[in-house]
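Asker: Dropping the sequence and predicted coords here.
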Amino acid sequence: MKIAITTVAAALFVSIVRATAASETGATAPVAPRFLSDTGLYSNAAKLKIDARNRTFSPQYPLWSDGATKRRWVRLPEGSMINVADLASWELPVGTKFWKEFSFNGRKVETRFLWQTKKGHWVFASYTWNEAQTNAELASESGIANIAEIENGKRHSIPSVSECRSCHDASRTETLGFNALQLSDDRDPNALHAEPLTSEMLTLKTLVNENLITPARPELVTNPPRIAASSAITRTALGYLSTNCGSCHNRESSIASLGLDLRQNPPGTRNQEPGTSAAPECSAVGKRGHWVVPEAQEDSRIVNPGHPESSALVRRIKSRRPISQMPPIGTVVVDREAVDLLTSWIQGNAGELAARCAS
Amino acid sequence: MRLTNIVLTTAIITAAILLTAVLSTASLQADGAGGAGPVGKAEQIARGKYLVDIMGCHDCHTPMKLGPNGPEWDMTRALSGHPEQLVMPPAPVQQAPWMASLAMTMTAWNGPWGTSFTRNLTPDKETGLGDWTVEEFIATMKTGRERGKGRPVLPPMPVQNLKALSDTDIRALFAYLQSIPAIKNRTPQPIEPIDQK
């Protein structure tokens, strides 16, 4: 009897130690497979045939990635729904997977993979395409520098997981291009670098019609979200800034203390008061930021209405030197179209900008 | 039967003690990674001071001045970075294999990356680390980027070494830096290399 009880006590102790060790190492947590072909993207990996359950989509304001051609897919677990109770921050079902394929000069370079393995926990991975373009292998968590030529000696790098998380963890949701504004059917015809919408791409209308969101939000179809603006250029500029700057510069980011908010949420959601000084862009208009335009020490503002030359935002978007460039990661080539757009917007819309932020 | 009860009780108590020990260890580990309570605060600050002293933070973040025995730290400006009043002229053009120049204070450095000025690490709210959170400080040290998201922390800051610091030590560094006297000193923003804008 004594031996039996001692054995039970010892077994109890061992199981406690093992359980503690397992929870510390996360030994049982799902991890990204070694090959892209094992992630579920393809129904026929040899032919690179996309699994029909993976739906393609195209955000109306895409992120600038040095001119990469991108293809995106999402897989929602069968029978699941997206909780859109908070329209500015969707809750995606556990098991959701996203893929984004990057090509330069007609060749696939990397495919990024996001997978929600449990509530609020996402696996981040990137797969590097082989020379034969037949499969892609998991890249190191520390990324791979200078993996492919973009143009004129500028080369694309696969970001490290911590670099990925520096943008993707800055919001209340890790997925940045899949939200009400980006999937709105009222697409901005002037959005920079937007891909044409094709019939098979998911939009808000598809999500509503296929009953993939909860609670029911029929207004997302009858009155699709769009950035409120009195001119087309303001709508386009704010959309561009929302994607390319607002992922980090928003009120819920770990750098919210900087006071800059460029994220546009659907009208009617929090932090969206167009036409008032509480509108996100008013955190930039006329405000002197931490970084000063070197050539305009006195006049420098983040956005100086009427004066792109003393607007730090334009100056930094033009730069690709580490000291001053914005965004600071994920790009080595200046987005010339964006520089032109933002220069024209700040130059020619001083009155509108002042009015938006007057009250 | 009585003997069995004693053995059973002993076994349960033993298991409870072991369980307590395991949970206490886990709790201590969590505390080590998560911060110090009031009792551990002084110890944490002392650890932070020790790290600041041996890691060479003063080398660049406390301006050098010329003393009777040669260059020495100006401890009236301890850890406050490049003095705001010291406006640097343009850096000399380097001729290879020379690569970099530095100010007499050791608080301004010029090289292929541009010109960098060491930062005010004191807890002054406007010009130092007074408005930083410990999470931002940890993110900076771990990623080598401003607040974990911004531009790279510039040479000569040894970011590759700092990435190896444990969270516990980074928290200790931050606790010490927040405990020293605040000095108002707005250090200049870095300057791009002269060949580009």
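Answerer: Sure, I can see it.

Asker: what about the helices in the stretch 1-150 of chain A?
Answerer: Per DSSP state H, counting those that start in this stretch, the stretch 1-150 of chain A carries helices over the ranges A:2-25.

Asker: Tell me where it has strands.
Answerer: Secondary structure of the stretch 1-150 of chain A by DSSP state E, counting those that start in this stretch: the strands cover A:42-44, A:49-50, A:55-56, A:69-75, A:82-83, A:97-104, A:107-118, A:121-129, A:136-138, A:144-151.

Asker: now swap in chain B and tell me
Answerer: Along chain B, the segments classed as strands by DSSP state E run B:64-67, B:70-73, B:101-102, B:108-111, B:114-117.

Asker: Chain A: which of those strands is closest?
Answerer: Chain A lies closest, by C-beta to the nearest C-beta, to one member of these: strand B:114-117, at 4.9 Å. Backbone N, C-alpha and C define where each C-beta goes, glycine included.

Asker: can you tell me if the closest one touches chain A.
Answerer: Yes: for strand B:114-117, a contact with chain A is found by C-beta under 8 Å from any C-beta of the partner chain, at residue B:114.

Asker: sorry, back to before: tell me which of the strands of the stretch 1-150 of chain A approaches chain B most closely.
Answerer: Closest to chain B of the strands of the stretch 1-150 of chain A, according to C-beta to the nearest C-beta: strand A:144-151, at 13.7 Å.

Asker: returning to what we had before: need the strands of chain B in CSV (columns: mean neighbour count).
Answerer: As requested, the strands of chain B are exported to CSV (neighbours: other C-beta atoms under 10 Å in any protein chain shown):
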stretch, mean neighbour count
strand B:64-67, 14
strand B:70-73, 12
strand B:101-102, 15
strand B:108-111, 22
strand B:114-117, 22
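
Asker: Reformat those as a markdown table; add mean pLDDT.
Answerer: A markdown table is the format used below for the strands of chain B (pLDDT from 0 to 100):
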| stretch | mean pLDDT |
| --- | --- |
| strand B:64-67 | 96 |
| strand B:70-73 | 95 |
| strand B:101-102 | 96 |
| strand B:108-111 | 97 |
| strand B:114-117 | 96 |
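
Asker: Low-confidence regions, chain A specifically.
Answerer: A:1-28, A:170-174, A:270-277, A:359 (pLDDT under 70).

Asker: Distance check, the residue nearest the centre of it against chain B.
Answerer: The centroid of chain A falls nearest to residue A:176 when counting by C-alpha atoms, centre = their mean (2.9 Å). From residue A:176 over to chain B the distance is 14 Å, taken as C-beta to the nearest C-beta, to the nearest Å.

Asker: Now that residue: closest residue in space, sequence neighbours ignored.
Answerer: Once flanking residues are discounted, residue A:176 sits nearest to residue A:247: 5.4 Å by C-beta to C-beta, 6 or more residues apart in numbering or on different chains.

Asker: measure the closest residue to residue B:63 other than its chain neighbours to residue A:43 for me?
Answerer: Spatial nearest neighbour of residue B:63, chain neighbours left out: residue B:105 (4.1 Å); criterion: C-beta to C-beta, 6+ apart. Residue B:105 sits 65 Å away from residue A:43, going by C-beta to C-beta, to the nearest Å.

Asker: Neighbour count: these two, which is higher?
Answerer: Neighbour count, other C-beta atoms under 10 Å in any protein chain shown: between residue B:105 and residue A:43, residue B:105 has more, with 22 against 13.

Asker: Would you confirm that the more buried one contacts residue B:82?
Answerer: Yes: here residue B:105 reaches residue B:82: they are 6.8 Å apart, a contact under C-beta atoms under 8 Å.

Asker: shared neighbours of the two, which are they?
Answerer: Counting by C-beta atoms under 8 Å, 6 or more residues apart in numbering or on different chains, the residues touching both residue B:105 and residue B:82 are residue B:63.

Asker: Low-confidence regions, chain B specifically.
Answerer: Within chain B, the ranges that satisfy pLDDT under 70 run B:1-39, B:195-197.

Asker: in it, which residue is closest to the centre?
Answerer: Geometric centre of chain B, nearest residue: residue B:173, 4.9 Å, by C-alpha atoms, centre = their mean.

Asker: picking that back up, got a list of what the residue nearest to residue B:63 touches?
Answerer: With contacts defined as C-beta under 8 Å, 6+ apart, residue B:105 is in contact with B:63, B:64, B:65, B:82, B:83, B:86.

Asker: and the residues you listed, which two are the farthest apart?
Answerer: Within the contacts of residue B:105, B:65 and B:82 form the most distant pair, 13.2 Å apart (C-beta to C-beta).

Asker: how far is stretch A:236-251 from where the chain is centred?
Answerer: Distance of stretch A:236-251 from its chain centroid, counting by C-alpha atoms, centre = their mean, to the nearest Å, is 10 Å.

Asker: just to revisit the earlier point, wait, isn't the residue nearest to residue A:176 in contact with residue A:166?
Answerer: No: look at residue A:247 against residue A:166 with C-beta under 8 Å: they stay out of range, at 9.3 Å.

Asker: ok, which residues in the stretch 101-250 of chain A are in contact with chain B?
Answerer: Near chain B, when you scan the stretch 101-250 of chain A using C-beta under 8 Å from any C-beta, you find A:162, A:163, A:166, A:167, A:170, A:248.

Asker: For the last one, grab the count of nearby residues.
Answerer: Neighbouring residues of residue A:248 were enumerated by other C-beta under 10 Å; the total is 27.

Asker: Out of the strands of the stretch 1-150 of chain A, the one nearest residue B:45 is which?
Answerer: Checking those against residue B:45 by C-beta to C-beta gives strand A:121-129 as the closest, at 34.5 Å.

Asker: partners of that closest one, with directions?
Answerer: Strand pairing for strand A:121-129, using DSSP bridges, gives strand A:107-118 (antiparallel), strand A:136-138 (antiparallel).

Asker: what about residue A:200, how many residues close to it?
Answerer: Residue A:200: 10 neighbours (other C-beta under 10 Å).

Asker: how far away is it from residue A:165?
Answerer: As judged by C-beta to C-beta, residue A:200 and residue A:165 stand 31 Å apart.

Asker: Please apply the same query to residue A:111.
Answerer: On the measure of C-beta to C-beta, residue A:111 and residue A:165 end up 18 Å apart.

Asker: Could you check which of these two is surrounded by more residues?
Answerer: More neighbours surround residue A:111 than the other of residue A:111 and residue A:165, with 22 against 17 (other C-beta under 10 Å).
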